[in-house]
Every structure is written in C-alpha cells, then in structure tokens.
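Participant: Predicted coordinates and the sequence they were generated for:
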Amino acid sequence: MATIKQLKPQSSKTELELIEDSKGSPRIHLEKRLAIAYIASHLIWRDSYSTELKKNLEESQPIFKLSHPVLCKAVKLLLKEGVIEQYKERNKRRGRPRKMLRVNESQRNRAENLAFKWNAYLFSLTSAVKALRAQPEENRQKAIAAYYENVGLKNQSLNFGIK
C-alpha cells in the first residue's frame, strides 16, 4: 500500500526575498504582444521550431522568459494572420517530422514591422537601464519607481539587476 509523504513548507520567505536570494537578475516575462514581435524578428533571419524560439530567447537575452502558453498563442495568431507559415521537416535522428515555422514571403513587410517593434523595445529597455544606472545611489530607487509608474508597472519587484 502506498503512503503519502507529508510535504514540509519549503520557505516562509516573501516573493521579494526569494527574488533577492536567487542568482542573477530577475526575469521579465514576455506578454503575447512582445512575443509576437520577438517571433517575427527571429523568423526573419532563419526558420525555426517553437521550442527553439523559446530556447534562443532565453539564451540570447537571459533577462526574458517566454512561457509556453504565451508562445503557442503568439504562434497561433501569426499563423492565422498569415505572417508566418508552417511546414514539416524530417530529421534523420528523429522519428517524426518537426513542425518548422518561417516568414510568409508575401507578408515579409508585416514581419519586418513587427521585428522593428521588438528591436525598438530592446533599445528602449537598454536606454532605461542605462539611465537608471546613471542615477546617484540615493536617487536610484525613486528613479526605478518613477520608471515603473511611467510604463504602467506599479509595484513590480524587478530592478533590472540594478543595486
């Protein structure tokens, strides 16, 4: 007869304490709008499959996290709108074909506009982080709070790795 183990509470730490104790900077979870722009940006340069898109983002831009549900919704919308298309590619090492994604050539301009939005987002985020880092130590937390309020991210515990 199987027994059920009693689970001990792992920690009584607050969310902020857990973030502060974690290694590296906190991560920004992409919403669907940004995920769409990122996917278009990636697929302009090379064909890819869904899992590779997620993996590439998290390796090349470790501050970002892309959840599987958001990725699926973004890909589904891009497919529905005809911006990207899907095809199957056989791999000699795998049994079944892999579903690959690529930009639909007739919709390349739309994909490039979306890619531009992703690059503009990265640029504005980088600029904001540089501006926050340039603040004197005593004003930095106020500047971070003002930035969050300005972009509609009230009460966020992210600090972009700024101490």
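Facilitator: Good, I have the coordinates.
Participant: starting at the chain centroid, how far to the longest helix seen in the chain?
Facilitator: The residue-count maximum for a helix in the chain (DSSP state H) belongs to helix 108-134. A distance of 13 Å separates the centroid of the chain from that of helix 108-134, by C-alpha atoms, centre = their mean, to the nearest Å.
Participant: packing partners for that helix?
Facilitator: Contacting helix 108-134 under the criterion 3 or more C-beta pairs under 8 Å, 6 or more residues apart in numbering; DSSP states H and E are the following elements: helix 32-45, helix 137-150. For every residue, glycine as well, the C-beta is placed using N, CA and C.
Participant: and it with helix 32-45, angle?
Facilitator: 120 degrees (axes from the mean of the first three to the mean of the last three C-alpha atoms, to 10 degrees).
Participant: Against Ala35, how distant is Phe123?
Facilitator: Remark: distance between Phe123 and Ala35 (C-beta to C-beta, to the nearest Å) = 18 Å.
Participant: quick one: which of these two has more around it?
Facilitator: Looking at Phe123 and Ala35 with other C-beta atoms under 10 Å, you find the greater number of neighbours at Ala35, namely 26 against 10.
Participant: which SSE is the closest residue to that one other than its chain neighbours in?
Facilitator: Distance criterion C-beta to C-beta, 6 or more residues apart in numbering; nearest residue to Ala35, sequence neighbours excluded, is Ala74 at 3.9 Å. Assigned by DSSP states H and E, Ala74 falls within helix 68-81.
Participant: chain center to the helix or strand just after that helix, what's the gap?
Facilitator: Using DSSP H and E, the next helix or strand after helix 68-81 towards the C-terminus is strand 84-89. With C-alpha atoms, centre = their mean as the basis, strand 84-89 stands 22 Å off its chain's centre.
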